[in-house]
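>>> Show me the folded form of this:
(one chain, ligands or ions: 1)
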Amino acid sequence: MTSYLRSWLIGTPVVEENLDTSIPTFNRVSPPPGEDEGSDTEFEGDDDNPPVFPSLSSAQRVQSTPRILTDSHVMPPPPLPHLFQRIPGVNLAVRSPDVSSSLSILETTARPVKPSKKRDKVALAPGHSPLDWANLKTSGTDLRGVDTLMRIPPSVLKKHNKRDDAWSAFYGKVYNITPYMNFHPGGERELMRVAGRDGTKLFASTHAWVNADFMLDACLVGFLVPEPS
Ligand code: HEM
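Now for the predicted structure:
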């Protein structure tokens, strides 16, 4: 029986005589003297005791006893945070290193950043959504106000700086921005800042991702050229 168990555990049949000493051996536990071993199938009577676990002949018993950790072996808990000493905006680690806690790295002396008011969106009037603008552009309505594309120097551009006659240059092209005023998500006031001049820089610093060429193609009036000498 023992040799059968060994061969089952190791995978190859074991010859009793050539046993390697490193192979774990099992102690066969005999019943107390005078008691019959009995058979597996034989009913032994009323026995409510649970089976021994791990079983007396199990490999687990051969292994060494598990190490039981005491308080001196385990990692000590982190120091208590000195939250009661915390002053808003003051880093405890800077104030006094001895009262700093493990939470010090989470503290900040920086004041909360106020959201910039630079890019406020305005509420567009009904009928002035981006989709309405796209429809107007393709409706065939004249949005240029000129018969032909022109070469426009800065001095000419400068004259078109009124709300009802506003031109502006973006990336070398001059557009009539008057029809777009009420459709601009950033509002009319922001758009008027570039009326009569080259607005490329301001446009790019506000929303470089917006495709001006596509948005205003129907409003093109000409091309920005240097002032004639
Ligand atoms: C005529 C050229 C311009 C066109 C076609 C245009 C187009 C647009 C579009 C499509 C948006 C919405 C962007 C988005 O939701 O991501 C927008 C927003 C805005 N635009 Fe313009 N824009 C123009 C010129 C300008 C200029 C010159 C300014 C001046 C600063 C400006 C300031 C703003 C602001 C403040 C917003 C709202 C903020 C935001 O979108 O988060 N825009 N513009």
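>>> use CA for all of it now, contacts and neighbours both
Fine.
>>> how many other residues sit next to residue 170?
By other C-alpha atoms under 10 Å, the residues close to residue 170 number 21.
>>> Then residue 163?
Residues contacting residue 163 under the criterion other C-alpha under 10 Å number 16.
>>> Quick check: residue 125 vs residue 221, distance?
26 Å (C-alpha to C-alpha, to the nearest Å).
>>> Which of those two has more residues huddled nearby?
Under the criterion of other C-alpha under 10 Å, the comparison of residue 125 against residue 221 puts residue 221 first, with 25 against 9.
>>> so who does that one touch?
144-146, 148-150, 173-176 (C-alpha atoms under 8 Å, 6 or more residues apart in numbering).
>>> Selection in PyMOL covering whichever of the residues you listed are buried, please.
In PyMOL, a selection of the buried entries from the contacts of residue 221 looks like this (16 or more other C-alpha atoms under 10 Å):
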select buried, resi 144+173+174+175+176
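>>> Determine which two of the contacts of residue 221 are furthest apart.
Largest separation among the contacts of residue 221 by C-alpha to C-alpha: 145 and 173, giving 15.4 Å.
>>> which SS state does the residue in the chain positioned nearest to the ligand fall under?
The minimum distance from the chain to the ligand, using C-alpha to the nearest ligand atom, falls at residue 186 (3.3 Å). Following DSSP: H, G, I helix; E, B strand; the rest coil, residue 186 is assigned to coil.
>>> and what of residue 111?
coil.
>>> And the pLDDT for it?
pLDDT for residue 111: 78.
>>> gap between it and residue 87?
Applying C-alpha to C-alpha to residue 111 and residue 87 gives a distance of 14 Å.
>>> Is residue 159 in contact with residue 196, as I believe?
Yes - contact criterion C-alpha atoms under 8 Å: residue 159 and residue 196 qualify, at 6.2 Å.
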